[in-house]
Structure formats: structure tokens, C-alpha cells
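Colleague: one predicted model, sequence on top.
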Amino acid sequence: MGNCLSAPNESRQPYNDDQQASDEDVALGKNRRLSTSPPQWSPEERMTREEVESKRAEFWETSPAFEGRKEIWEALKAACDAFGNKEFELAQTIVSSAGISLPRGTLADVYDELGNRYRIPNYCLVFPPDSPGRGTSEPSGAPQSTDDSGSKPKPSAEAASAPDSPQGDKITLRIRLSSLKDVKISVRRTDTIATVKQKLGQMEGFDGSKVRIFLTGKILPDSAVISAIKIPKGFLLQAHVPASPS
């Protein structure tokens, strides 16, 4: 079993002993939901937010060189960014879509489907308490939908010019919502993800433009064409649906 141990000392033992699962839990492949409780940590020397962000960037730039799979590192970065921005359901959707197991219920120590282990330092998840610097933090590289600004996404040239041919025939996509409800939606191969989101919203009664759709942990851009994505037959996509304001 691979063991992606590469972070500094504070990342090797991110939590107290009473928060760690037993080796038996890990061996049995148990998976827990992501805890929304942030880890507690303090650097040996006081760090500004800019210094923490620089340290994060250095870690993520070098992480693919560690053991493990590049696509899993990318999914973990997106999940950590979402966690740091308090988008906990989005972080859970990302790791679930990528097949990442959380035996301890934390992003600090996870496994992929092949059994490779990945350890993430605490500074990639939260800022230390009372760290000086700018007042708010914006996780770098956090996945963003192209239509969050309200502008209508433009379909790609392939979708705009594709004729009504066999390539435009309808197919059925299986999508799991963040509520864990599985739905099936009929679309054309020439449809874009923006169209899929719109149809999904119409079917389920929510604003489709706010939905984020994932394939193996990666967010699919609105301009992506179904035929170009090459989704495996019967594959289950993941959709993060933001909670409606109360």
C-alpha cells in the first residue's frame, strides 16, 4: 500500500490521539463523513496569512512529485480550498466524487481507491489563530462556476456548429445530488454542462446555474461538451447543490 508521507512534522500528526481512528478502522477501509470541525494548530513562529498562503502554494506545487496519483492530489487541493472557505458540503462532494476515503473524518489523512495514503498539513486547511495580515482569506484555486457572476455561459464552437447527426443523439446521465438522491437525465451528446445543469434544475426545482458538477473529483466547466468529456457508460457524476437560503 502506497504511503504519501511528505509534509512537515505538523502534518504527520495533525490531530490528538483521541481523534485518530484505529489501525483496524483503516485496514477495514472504513469511511467517515468529513467533519466540519477545523483542526487546531499553531506554528512555532508567528506567521502572516501571506506566509501561510505561500507555504500552501509550495506544498501543492510539489505534492504531485510525492507518491500517489496526480488527479487525487488535485481533488484534495480543491477539497481543502472548499473546506477553508467553509463550503463543507462541496468539500465532501469533491472527495466522494474522486473516490477518496476519510477513515478519520478529516482531509489531513486520507486514502484513494488503490490504497495510497495522502497526508495534508494543517496549514493547508486553516489559518493559525490570530495570524496577522489581510482581514479575509480567499483560498487560491478554489473551483468556481463560470456562471456565478450571472453571465450566461457560452457554448463551445463544437456545440454551436454540431449538426443534428448521430453524434447529437440523446444519452442518459446518472447524477448523484449532494442530498444523496440519484437522478437520471436525458441529454444530447452535443449539449454542454451548462445545459445539463439547467435541465437538472428544472427537473428538481432549484437554480441549476448554481450547481457544480464533478467527474472523479474535478469540476466540469459550463462550456464542456458531453461528447468531449467522454464519460464512461453508466458512470455516476456528482452534483453539488447549494442549500437554499432560509
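Modeller: That came in fine, so what should we check first?
Colleague: pick out the residue closest to the middle of this protein.
Modeller: The central residue of the chain, meaning the one whose C-alpha is nearest the mean C-alpha position (Cα atoms, centre = their mean), is residue 94 at 2.9 Å.
Colleague: quick one, what contacts it?
Modeller: Contacts were defined as Cβ atoms under 8 Å, 6 or more residues apart in numbering; by that measure residue 94 touches 75, 78-79, 82, 143, 214, 217, 238. For the C-beta atoms, the positions are set from N, CA and C on the backbone; glycine is no exception.
Colleague: can you give me the buried ones in the strand or helix carrying it?
Modeller: Element membership for residue 94 (DSSP states H and E) is helix 88-97. For helix 88-97, the buried set under the neighbour-count rule, 16 or more other Cβ atoms under 10 Å, comprises 89-97.
Colleague: what's the model's confidence in the helix or strand that comes right after it, averaged?
Modeller: Next helix or strand after helix 88-97 toward the C-terminus (DSSP H and E): strand 109-111. Per-residue pLDDT over strand 109-111 has a mean of 93.
Colleague: beyond strand 109-111, next helix or strand please.
Modeller: With DSSP H and E, the next secondary element past strand 109-111 is strand 117-119.
Colleague: so what secondary structure elements neighbour that following strand?
Modeller: Of the remaining helices and strands, those touching strand 117-119 by 3 or more Cβ pairs under 8 Å, 6 or more residues apart in numbering; DSSP states H and E are strand 3-4, helix 70-84, strand 109-111.
Colleague: mind giving me the domain split of the protein?
Modeller: Here the chain is described, according to automatic domain parsing, as comprising the domains 3-124, 157-240.
Colleague: coming back round to it: for the residue nearest to the centre of the chain, which non-adjacent residue is spatially closest?
Modeller: residue 79 (4.3 Å; Cβ to Cβ, 6 or more residues apart in numbering).
Colleague: now do the same contact list for that neighbour.
Modeller: With contact taken as Cβ under 8 Å, 6+ apart, residue 79 is in contact with 91, 94-95, 100, 107, 217.
Colleague: all helices of the chain, in order?
Modeller: Residue ranges of the helices in the chain, as given by DSSP state H, are 9-12, 23-27, 49-62, 70-84, 88-97, 157-161, 193-204, 226-229.
Colleague: any chance of those in a markdown table, with distance to residue 123 and mean pLDDT too?
Modeller: Rendered in a markdown table, the data for the helices of the chain read as follows (distance: least, Cβ to Cβ, whole Å; pLDDT from 0 to 100):
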| stretch | distance to residue 123 | mean pLDDT |
| --- | --- | --- |
| helix 9-12 | 7 | 38 |
| helix 23-27 | 24 | 47 |
| helix 49-62 | 5 | 87 |
| helix 70-84 | 10 | 90 |
| helix 88-97 | 17 | 90 |
| helix 157-161 | 41 | 39 |
| helix 193-204 | 33 | 92 |
| helix 226-229 | 34 | 85 |
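Colleague: out of these, flag the one nearest residue 33.
Modeller: Relative to residue 33, the nearest member of the helices of the chain by Cβ to Cβ is helix 88-97, separated by 6.5 Å.
Colleague: sorry, back to before: residue 175 is nearest to which of the helices of the chain?
Modeller: When these are ranked by proximity to residue 175, the top entry is helix 193-204, at 6.6 Å, counting by Cβ to Cβ.
Colleague: give me the buried positions along the closest one.
Modeller: Along helix 193-204, the positions that meet the burial threshold by neighbour count (16+ other Cβ under 10 Å) are 193-201, 204.
Colleague: list just the nearest of the residues you listed to residue 38.
Modeller: Closest to residue 38 out of the buried residues of helix 193-204 is residue 197 (30.5 Å), distances taken as Cβ to Cβ.
Colleague: circling back to that earlier point, okay if I get the helices of the chain as CSV plus distance to residue 129?
Modeller: Shown next, in CSV, are the helices of the chain (distance: least, Cβ to Cβ, whole Å):
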stretch, distance to residue 129
helix 9-12, 14
helix 23-27, 30
helix 49-62, 12
helix 70-84, 14
helix 88-97, 20
helix 157-161, 48
helix 193-204, 38
helix 226-229, 42
